[in-house]
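In: need a structure here:
(one chain, ligands or ions: 1)
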Amino acid sequence: MDSKDRKRNDSDTPIYGSRQMMEPAPSEYIPKHRTPAETAYRIVKDETFPQTQPRLNLATFVTTYMDDYGTRLMNEAVGINYIDETEYPRVAVMCGRCINMVANMWNTPEKGEWKTGAVGIGSSEACMLGGVAAWLRWREKRKAQGKPYDKPNLVMSTAYQVVWEKFCQLWQIEMRTVPLSRSNPTLDISKAIGMCDENTICIVPIAGVTWTGMNDDIEGLDKALEEYNQKTGYDIPIHVDAASGGFILPFLDPEKKWDFRLKWVLSISTSGHKYGLVYPGLGWIVWRDKTYLPADMSFSVNYLGANITQVGLNFSRPAAQILAQYYNFIHLGVEGYREIHSNSMDIAKYCHQKIGNMPCFKNYTEKLDNPLFVWYMEPEYDKKANWTLFDLQDKLMQSGWMVPAYTMPAAIEDMVVMRIVVRQGMSRDMADMLINDIKNAVAELEKLQYPTASRQAYLDSQKQKGHVFTH
Ligand SMILES: *Cc1c(COP(=O)(O)O)cnc(C)c1O
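Out: Down below sits the predicted model:
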């Protein structure tokens with residue numbers, strides 16, 4: 001480094017007058033030399049600017065708004081590792097209280113001071129734990145009966161979230177999926193029962209299907225399982241994947257039976273960072289009672305001089321989300337959760353109605369189970385349009401919105417839909433801006449004289465299948 005360079009590396013050098021700002025960002029090796037903190041900060045921060053504003057990301061279910069106190073608690077706890085229970089015993093207590101409140105919110109029958117559950121990084125970890133518990137319980141029973149236990153399977157609809165594919169792949173469980181159809185857009189109960197046998201570790205209905213926003217009929221499934229288990233002598237249980245529904249149903253539809261009030265529901269998982277209203281990094285699972293959590297899954301760890309019992313895939317994890325969940329429970333209460341979620345629901349319904357009224361669109365369902373919905377192109381309009389929903393997605397990006405277009409799961413994978421997830425932080429005013437932007441984007445797309453690339457690709461694929469359109 002010559003003296004000129006050394007000077008330019010001075011802390012006096014204006015950030016954008018520095019040598020580092022003239023260099024490509026490091027991408028392969030750790031840089032040899034230091035960069036002043038402010039400059040490094042700017043390099044990192046500036047890199048994030050072309051991304052969608054999280055609040056305008058209507059693709060995600062995950063929290064993008066928390067109030068100042070919740071945010072402050074999280075920032076203040078940013079250096080706390082949840083696993084250090086000896087050093088931070090109050091964090092462990094608050095985590096236990098959260099599990100209690102979640103368990104009671106889902107009507108657990110378990111008595112006793114501490115309910116049986118675990119914290120996770122998200123629903124994914126919680127689903128994995130629920131799946132593993134079901135598999136181990138089944139295996140123990142098969143072993144005790146002297147029966148083979150090498151061919152476990154799990155039954156759910158094709159609208160599963162990817163974590164279930166991971167679970168089945170990683171633990172080598174056969175995944176049996178019930179196809180969705182346009183007329184039967186949620187789990188077909190009789191088909192699901194038809195796929196069960198002595199090797200079924202559990203059925204997994206979903207409260208808040210990611211693809212459509214709908215809820216599987218869990219009460220109906222429980223009834224059908226009761227009959228089937230009676231008839232066969234099996235005891236196939238239910239794990240509910242309530243990633244979004246777990247924090248919606250108790251507040252917006254408390255009378256609906258989907259949780260531990262049903263006999264065969266032995267475990268439920270949810271994302272604290274979805275409608276639990278905490279920033280990313282939080283999931284919960286609760287078991288009906290401690291007999292359903294196999295002893296093999298609790299690890300007693302002698303760590304830093306204390307014996308702690310741990311259930312989870314991770315060891316270290318941030319404590320901040322747990323404090324934030326506890327804060328939300330105290331601050332919002334049942335009342336507050338109900339108010340926030342019912343506003344989200346009303347805003348989702350408002351957008352649903354506005355979009356349903358546009359001649360080019362058709363809503364996938366008339367009713368909303370959760371504050372999100374999907375729609376598709378009106379079939380007659382679709383035949384003549386020069387654009388697709390993928391083009392609309394691109395256009396909306398130009399006004400900052402992320403509204404995803406995607407194809408549906410197996411059996412209805414020809415169908416392209418678009419989805420909006422309404423969360424805390426979306427006001428009526430923002431909904432109006434969005435609807436206006438959608439209308440303007442459609443007006444622009446309707447001016448096109450020729451098919452867009454995505455429309456052309458679609459026409460070509462249809463031609464190959466022998467469908468002929470007007471252009
Ligand atoms: C979001 C979601 C998951 C995964 O949850 P994470 O919290 O993102 O790990 C699993 N299942 C369903 C139904 C979901 O909506």
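In: contacts and neighbour counts: CA atoms only from here.
Out: Noted.
In: Show me which residues of this structure are close to the ligand?
Out: Where the chain comes near the ligand, counting by C-alpha under 6 Å from any ligand atom, the residues are 122-124, 161, 206, 208-210, 241, 243-244, 271.
In: Strands of the stretch 51-200 of the chain, residue ranges please.
Out: For the stretch 51-200 of the chain, applying DSSP state E, counting those that start in this stretch gives strands covering 117-120, 153-157, 174-178, 200-203.
In: excluding its backbone neighbours, what's nearest Met408?
Out: Met415 (5.7 Å; C-alpha to C-alpha, 6 or more residues apart in numbering).
In: Isn't the one you found up against Thr388?
Out: No: contact status for Met415 versus Thr388: not in contact, 11.4 Å apart, counting by C-alpha atoms under 8 Å.
In: and stretch 375-387, how far apart are its ends?
Out: Taking C-alpha to C-alpha, to the nearest Å, stretch 375-387 runs 15 Å from one end to the other.
In: who's in contact with it?
Out: Contacts to stretch 375-387, defined as C-alpha atoms under 8 Å, 6 or more residues apart in numbering, come from residues 356, 359-364, 388-389, 415-419, 445-446, 448-452, 454-455, 469-471.
In: Show me the domain layout of this structure.
Out: Following automatic domain parsing, one finds the domains of the chain at 3-50, 71-329, 341-464.
In: Pick the most buried one from these.
Out: Comparing these on average neighbours per residue, with mean count of other C-alpha atoms under 10 Å, the densest one is domain 71-329 at a mean of 19.
In: Ends of that domain, what's the gap?
Out: End-to-end span of domain 71-329 (C-alpha to C-alpha): 15 Å.
In: need the helices for the stretch 51-200 of the chain, in chain order.
Out: Using DSSP state H, counting those that start in this stretch, the helices of the stretch 51-200 of the chain run over 68-76, 89-105, 123-144, 162-170, 189-194.
In: Could you dump those into CSV and include mean pLDDT?
Out: Written out in CSV, the entries for the helices of the stretch 51-200 of the chain read as follows (pLDDT from 0 to 100):
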stretch, mean pLDDT
helix 68-76, 98
helix 89-105, 95
helix 123-144, 98
helix 162-170, 97
helix 189-194, 98
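In: Minimum distance to Pro404: which of those has it?
Out: helix 162-170 (17.1 Å; C-alpha to C-alpha).
In: So for stretch 244-255, mean pLDDT?
Out: Within the predicted structure, the mean pLDDT of stretch 244-255 is 98.
In: so what does the lengthiest helix in the chain touch, helix or strand wise?
Out: Secondary structure of the chain per DSSP state H: the longest helix is helix 320-356. Packing partners of helix 320-356 (3 or more C-alpha pairs under 8 Å, 6 or more residues apart in numbering; DSSP states H and E): helix 68-76, helix 89-105, helix 249-252, strand 361-363, strand 372-377, helix 428-446.
In: Tell me which of these sits nearest to Gln464.
Out: Taking C-alpha to C-alpha, strand 372-377 is the member of those nearest to Gln464, at 21.1 Å.
In: That closest one vs helix 320-356, what angle?
Out: Taking axes from the mean of the first three to the mean of the last three C-alpha atoms, to 10 degrees, one finds that strand 372-377 is oriented at 40 degrees with respect to helix 320-356.
In: Now do the next helix or strand after strand 372-377, average pLDDT.
Out: If you walk from strand 372-377 toward the C-terminus, the next helix or strand you reach (DSSP states H and E) is helix 379-384. Per-residue pLDDT values over helix 379-384 give a mean of 94.
In: Report the next helix or strand after helix 379-384 in sequence order.
Out: Using DSSP H and E, the helix or strand that directly follows helix 379-384 along the chain is helix 389-398.
In: Just give the closest residue to Met297, not the sequence neighbours.
Out: Among residues not flanking Met297 along the chain, Val311 sits closest, at 6.1 Å (C-alpha to C-alpha, 6+ apart).
In: Repeat that for Ala319.
Out: If you skip the residues right next to it in sequence, Ala319 has Tyr82 as its closest partner in space, 4.5 Å away by C-alpha to C-alpha, 6+ apart.
In: Can you tell me how far the nearest residue to Phe390 once chain neighbours are set aside is from the ligand?
Out: In space, not counting the residues next to it along the chain, Phe390 is nearest to Ala405; the distance is 5.6 Å by C-alpha to C-alpha, 6+ apart. If you measure Ala405 against the ligand using C-alpha to the nearest ligand atom, to the nearest Å, the figure is 17 Å.
In: likewise Gly146?
Out: In this view, Gly146 and the ligand are 34 Å apart by C-alpha to the nearest ligand atom.
In: Distance check, that residue against Asn386.
Out: Counting by C-alpha to C-alpha - Gly146 and Asn386 are separated by 63 Å.
In: rewinding a little: figure out which of the domains of the chain is closest to Tyr65.
Out: Between Tyr65 and the domains of the chain, the shortest separation by C-alpha to C-alpha is 5.8 Å, and it involves domain 341-464.
In: first vs last residue of that closest one, how far apart are they?
Out: According to C-alpha to C-alpha, domain 341-464 extends 46 Å from its N-terminal end residue to its C-terminal end residue.
In: now the angle from the longest helix of the chain to helix 68-76?
Out: Orientation of helix 320-356 against helix 68-76 (the same axes, to 10 degrees) gives an angle of 130 degrees.
In: ok now helix 320-356, how far from the chain's centre?
Out: In terms of C-alpha atoms, centre = their mean, to the nearest Å, the gap separating the centre of helix 320-356 from the centre of its chain is 15 Å.
In: That helix vs helix 428-446, what angle?
Out: Relative orientation of helix 320-356 and helix 428-446, computed by the same axes, to 10 degrees: 50 degrees.
In: On the three-state scheme, Val286 is what?
Out: Taken by DSSP: H, G, I helix; E, B strand; the rest coil, the conformation at Val286 corresponds to strand.
In: Could you find the closest non-adjacent residue to it?
Out: If you skip the residues right next to it in sequence, Val286 has Gly117 as its closest partner in space, 4.0 Å away by C-alpha to C-alpha, 6+ apart.
In: do Asp391 as well
Out: Ser454 (7.2 Å).
In: what does Leu266 give?
Out: Arg288 (4.9 Å).
In: ok, now which ones touch that neighbour?
Out: By C-alpha under 8 Å, 6+ apart, the contact list for Arg288 reads 108-110, 116, 260, 265-267.
In: my read: the residue nearest to Val286 touches Gly283, true?
Out: No: the pair Gly117 and Gly283 fails to qualify as a contact (C-alpha under 8 Å) at a distance of 10.7 Å.
In: How about Ala243: what's its closest non-neighbour residue?
Out: Once flanking residues are discounted, Ala243 sits nearest to Thr270: 3.9 Å by C-alpha to C-alpha, 6+ apart.
In: so where does that neighbour fall, helix or strand?
Out: In this structure, Thr270 is located in strand 265-271 according to DSSP H and E.
In: where are the low-confidence patches of this structure?
Out: Across the chain, the ranges flagged by pLDDT under 70 are 1-11, 301-308, 467-471.
In: quick revisit: enumerate every residue touching the residue nearest to Ala319.
Out: With contact set as C-alpha under 8 Å, 6+ apart, Tyr82 has these partners: 88, 91-92, 316-319.
In: cool, Pro451 as well?
Out: 385-387.
In: change it to 6 Å
Out: Under the criterion of C-alpha atoms under 6 Å, 6 or more residues apart in numbering, the contact list for Pro451 reads Asn386.
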